[in-house]
Each structure stands twice: as C-alpha cells, then as structure tokens.
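Visitor: sequence and predicted structure, then a few things I'm wondering about:
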Amino acid sequence: MNAAQTLRTTSANPHFRTLVTQLDAELRLMYADLMDTYDQHNIIEHNDTVVIAYADSLPVGCGCFKPFDNEAVEVKRMFVHPDVRGRGISKLILGDLEAWARELGFTYTVLETGLKNSDAHHLYRKTGYVDIPGFGPYIDLEESICMRKSLNHD
C-alpha cells in the first residue's frame with residue numbers, strides 16, 4: 001500500500017457516505033441498541049469540512065468537524081477501514097482536520113467517543129487530547145468519553 005493521502009471535501013462526497021455507513025455498522029456491532037441514543041447526534045446532513053483518506057486510490061478513512069462554539073469545532077465521524085488500521089491513517093485524518101480548523105481561526109477541538117472504543121482513546125490521547133466533563137448531549141451518557149485539544153500547538 002502506498003502512503004495515504006487526504007482530500008478535503010464535503011459530506012456530499014459519495015466516498016464519505018460509504019465510509020460513514022461502514023462506521024455506523026461497526027458502532028452498531030460494538031454498542032448494539034445503545035446506538036439508538038447516539039445516532040441522533042451523528043447526523044451529518046450537510047458539512048463542508050470533511051476529510052477523506054485514500055490509499056492506492058481507494059477511500060479508506062474519513063472524519064469531519066462542525067462548529068461547537070466561537071472558539072471550537074467538534075470532531076465527528078472518524079473512521080478507518082479495519083483492513084488498513086495501524087498504518088497511521090487515523091492520525092493523518094485527524095491532523096488534517098485540526099489543521100483545517102486552525103486555518104479557519106478555531107483554537108481548540110472537542111470530541112466524544114465511546115468507552116468501548118479503546119483504539120480511539122489511544123489515538124486521541126497520543127495526539128494531545130485530554131479528558132473533559134461530558135458536554136451537550138453526552139452529559140448523562142455513561143458510555144461517553146469527551147475530550148479536548150488546544151490547536152495552539154501540536
């Protein structure tokens with residue numbers, strides 16, 4: 001496999017839609033009926049800040065962000081296809097999302113991930129994210145881990 005490359009695009013991109021469908025199926029296996037609660041917070045109708053990773057011209061991962069407040073964006077829909085995990089693709093996607101948010105004038109990112117997703121916890125902590133109290137719709141969800149990272153440094 002050649003080195004992965006990222007493309008900045010929108011949620012209208014069919015590759016993003018396919019990858020998100022794969023993400024949702026994986027999350028449904030991991031969390032079962034609890035996803036009925038989470039699904040309502042993961043609707044991406046139209047988003048102009050989507051990153052897709054390609055390897056050998058194939059879409060292998062994605063992520064996006066949406067405004068959280070005047071200073072922050074919320075990272076959403078991070079996914080890397082299981083066949084290519086462990087190759088730094090998630091770090092590449094996350095780095096591009098953070099760079100894009102910084103270019104748009106945001107100073108930090110926030111995100112939510114599930115307790116069972118240990119690969120995500122490891123990635124986020126390794127790249128400078130710290131745990132914060134639950135925010136917004138995740139305040140009372142015991143399966144949620146919320147995190148934050150300053151974009152002023154890497």
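Guide: Sure, I can see it.
Visitor: need the next SSE after the lowest-mean-pLDDT helix or strand in the chain, C-terminal direction.
Guide: Lowest on mean pLDDT, DSSP states H and E among the helices and strands of the chain sits helix 35-39, with a mean of 51. Using DSSP states H and E, the helix or strand that follows helix 35-39 in sequence is strand 50-55.
Visitor: any regions of the protein where pLDDT drops low?
Guide: 1, 31-44, 153-154 (pLDDT under 70).
Visitor: do a quick rundown of the helices in it.
Guide: If DSSP state H is used as the criterion, the helices of the chain fall at 14-31, 35-39, 89-103, 118-126.
Visitor: mind checking which of these is nearest Asp69?
Guide: Of all these, helix 89-103 sits nearest to Asp69, with 12.4 Å by Cβ to Cβ. C-beta coordinates here come from the backbone N, C-alpha and C atoms, glycine included.
Visitor: for that closest one, packing partners?
Guide: strand 5-9, strand 50-55, strand 58-67, strand 72-80, strand 108-114, helix 118-126 (3 or more Cβ pairs under 8 Å, 6 or more residues apart in numbering; DSSP states H and E).
Visitor: can you put those in JSON lines and add mean neighbour count and distance to Lys149?
Guide: Shown next, in JSON lines, are these (neighbours: other Cβ atoms under 10 Å; distance: least, Cβ to Cβ, whole Å):
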{"stretch": "strand 5-9", "mean neighbour count": "15", "distance to Lys149": "18"}
{"stretch": "strand 50-55", "mean neighbour count": "22", "distance to Lys149": "16"}
{"stretch": "strand 58-67", "mean neighbour count": "22", "distance to Lys149": "12"}
{"stretch": "strand 72-80", "mean neighbour count": "23", "distance to Lys149": "9"}
{"stretch": "strand 108-114", "mean neighbour count": "21", "distance to Lys149": "5"}
{"stretch": "helix 118-126", "mean neighbour count": "15", "distance to Lys149": "8"}
